[in-house]
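1. coordinates only, no sequence provided:
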């Protein structure tokens, strides 16, 4: 294997890593090696938004992690898909483009991180963005990342938004604009009906750059650290183990699970955790793997009294045609994402920003899958047509952790998400359930609303709902925070994402968030890559 010494090595070609590789290689005098544990995103179904669920729940392009048993959730182990492919989780996610609200980033700035104020991060968001429709002071049109408005035409989306208005909430045309609060439709990282992952947006257009090298299907075991400086990385490619040196810096963009794992395997992290596994402590950093945050939610489901839901479009013969139409013309059901409408609301009126997010789908989760025409259907009575609302707190107080399971770099670390451990999180999700029931109870739903299927109209009291949540709550797949940015003793990286106590080593991914952003976390992860590039290049 070549021992070419690159100026920079980027570990992980995910949401942030592809951005960093693009920006650093704009300087022709700078050489970059980008390393990805997965392979290229060659499966054509990746491109079609409606196929996301099939990929998400399969092993393709996926680390397919599971959590440790979660105490408050009846000791259930939850599936934690994470992208293992060029583009990382942006290649398998739901493509919803939500930045978070201004209060999120101003709170980061007030904690001692002034370069992460809303004013500063907005510039990074706009630098990346190429919005297909919006042109105003909150959106970019010259960036690489294609963003568009929701494309679906199902009438239930409009009914949901109208119900929000009837219930007294504002209608919001742009959740990434001046104010996040209200009911509306999401924007998506979709271009001409196809997924726009960070590999598509930032990496594929620069493959020709002679100063960029890419290694796929290569597992990074650890960072080599000598005399307090990161000097290279140990990799596993097939059955071969090798060490690749670096000239200037290593940037870890491996995500909320893998970034702390790589640090601890390198001897950087909590002393007791590393000593337990016989790892030599190179530099003690107690915060590595701590501060794990994620959005937890639950699904309220209702029967729809009209046969107008996505169930019809997902019949095998119709979906097959939709896939062909989507691949060839970029049109049809396969080019849309089912959770197109949503809302950001406050659990109590005195809050400065929303603390609950809703996702609305004109289908039941159990029937939002490929199915066959009626003659193949079971004769038993089933409810096919319905709609679903996911509801959960977006500023959770519960904190979990990532710990090593062993010194084997390929063994999944132990994920302890600690969902709903905080009473305040439980109170917020209960408030969200009541808000949803009030919205679905509005007059405009009268011609569409059947019985409440989940949790069921008979489940009303707090105790009954909390008992149901123990068996029904799930992750929204937004883990962050395990290599927290800050200046205190538990911080892992500083304001410019440099690992405390180790020179030549930075981290840029969702793990550096001190506090989770309000909403879906892919857009903030891309922004973090932009921020790092600005710190490193001055541009």
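-> Yep, it's here. Note that the structure is a prediction, hence the values are computed from the model and not measured.
2. all contacts plus neighbour counts: C-alpha atoms, from now on.
-> Noted.
3. okay, now the sheet partners of the longest strand anywhere in the chain, with direction.
-> The longest strand of the chain (DSSP state E) is strand 240-252. If you go by DSSP bridges, strand 240-252 pairs up with strand 6-11 (parallel), strand 229-237 (antiparallel), strand 505-507 (parallel).
4. can you say which of these is packed in most?
-> When those are scored by mean count of other CA atoms under 10 Å, the highest mean neighbour count falls to strand 505-507 (a mean of 27).
5. beyond that strand, next helix or strand please.
-> Downstream of strand 505-507, the first helix or strand assigned by DSSP states H and E is helix 522-537.
6. I'd like the next helix or strand past the helix or strand harbouring residue 18.
-> Secondary-structure element containing residue 18, defined by DSSP H and E: helix 17-24. Downstream of helix 17-24, the next assigned helix or strand under DSSP H and E is strand 32-35.
7. just list what that following strand packs against, helices and strands only.
-> Applying 3 or more CA pairs under 8 Å, 6 or more residues apart in numbering; DSSP states H and E, one finds that strand 32-35 contacts strand 6-11, helix 17-24, strand 212-215.
8. go again using 6 Å as the cut-off
-> Helices and strands touching strand 32-35, by 3 or more CA pairs under 6 Å, 6 or more residues apart in numbering; DSSP states H and E, are strand 6-11, strand 212-215.
9. same for the helix holding residue 18, what does it pack against?
-> helix 522-537.
10. let me know the angle separating the helix it packs on from strand 240-252.
-> 90 degrees (axes from the mean of the first three to the mean of the last three CA atoms, to 10 degrees).
11. where are the low-confidence patches of the stretch 351-500 of the chain?
-> Regions of the stretch 351-500 of the chain meeting the criterion pLDDT under 70 cover residues 367-382.
12. quick one, helices of the stretch 201-350 of the chain?
-> 255-265, 271-276, 316-329 (DSSP state H, counting those that start in this stretch).
13. now the first one: how far from the chain's centre is it?
-> Taking CA atoms, centre = their mean, to the nearest Å, the mean C-alpha location of helix 255-265 is offset from the chain mean by 17 Å.
14. which one of the strands paired with strand 240-252 lies nearest to residue 126?
-> Counting by CA to CA, residue 126 lies closest to strand 505-507 out of these; the figure is 21.8 Å.
15. now do the closest one, average pLDDT.
-> When pLDDT is averaged along strand 505-507, the result is 98.
16. which residues sit against that strand?
-> Applying CA atoms under 6 Å, 6 or more residues apart in numbering, the contact partners of strand 505-507 are 230, 249, 250, 251, 252, 253, 497, 498, 499.
17. among those residues, who's most crowded?
-> residue 253 (29 neighbours; other CA atoms under 10 Å).
18. my read: it touches residue 13, true?
-> No: using CA atoms under 6 Å, residue 253 is not in contact with residue 13, being 7.2 Å away.
19. hang on, the earlier thing: what sits up against the helix holding residue 18?
-> Contact with helix 17-24 is made by 202, 203, 253, 529, 533, as judged by CA under 6 Å, 6+ apart.
20. and of these, the nearest to residue 177?
-> Relative to residue 177, the closest of the contacts of helix 17-24 is residue 529; by CA to CA it sits at 21.2 Å.
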